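Peer 1: with the input below, show me the fold.
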Amino acid sequence: MSTYFDTLRTTYQDVPITEQGISTSEFIEATEGVVKLFDLLGSTAFAVVQNDMNGNIKKIRDRLLATGPDLSGTLQLLVKNEGQPGDKKRTATEGLLWLLRGLDFTAQALGHSIQNPSEELSISFTNAYEKTLRKYHSIVVRPIFTVRISYANQKLAMKACPYRKDFYAKLGPSEESVRAPLQDWLAALENIVAIMQRFFEEGQYAKGF
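Peer 2: Numbers count the residues shown, from 1 in each chain. Now for the predicted structure:
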């Protein structure tokens, strides 16, 4: 049975990870699949995330095209060769940092959803936002993502999220048929995010952003 993940040109499972790091070109291609995934949500609430991801993908691709695989063939090489921690003009590095934050948000939201079969997407995505992107957003941006209505101790957020059943119906014939490929895709994505988060932390490459 075909699922959304079968339509992707490159999945995160396909992204090579070597001693030099994570392949930049395949990472870009796999991440374009995430941007398209938000189309399935059909929510204006995620337009900000999509636009941000597209902009940051372009920054990384532009750097790769400008410097070539020797200097930017892996994400780690790209960051190391763009400048020192604290330098302000590290456009691709900053773009990658924000892209990873968006991917972390996405992975946590979908991971929580698949682990909690009775939970609506609005709850899964709200919880993920609180744990990931919220701390990086200003008070101007936060309301775009969340709307809170207190009623019987319930929090309604990401109000434009589709119903769970409708979203999973777009991913494949049934939620059960989607579960395994989604889990595999998420595991590969989470591994990449974790590797790069450690890399940024250990090298202090997020300094200045």
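
Peer 1: hang on, isn't L97 packed against Q204?
Peer 2: No. Counting by C-beta atoms under 8 Å, L97 does not reach Q204; the two are 11.9 Å apart. (Glycine included, C-beta is placed from N, CA and C.)

Peer 1: and these two? Which one has more around it.
Peer 2: The residue with more neighbours, out of L97 and Q204, is L97; 19 against 11, by other C-beta atoms under 10 Å.

Peer 1: average pLDDT across the helix or strand harbouring the more buried one?
Peer 2: Per DSSP states H and E: L97 is located in helix 91-115. Mean pLDDT, computed over helix 91-115, is 94.

Peer 1: show me which residues of it are buried.
Peer 2: 92-114 (16 or more other C-beta atoms under 10 Å).

Peer 1: following element in sequence after that helix, please.
Peer 2: Note on helix 91-115: by DSSP H and E, the next helix or strand toward the C-terminus is helix 121-131.

Peer 1: quick one: list the elements packing against that following helix.
Peer 2: Counting contacts by 3 or more C-beta pairs under 8 Å, 6 or more residues apart in numbering; DSSP states H and E, helix 121-131 is packed against helix 91-115.

Peer 1: just want the angle from the helix it packs on to helix 121-131.
Peer 2: If you take axes from the mean of the first three to the mean of the last three C-alpha atoms, to 10 degrees, helix 91-115 sits at 140 degrees to helix 121-131.
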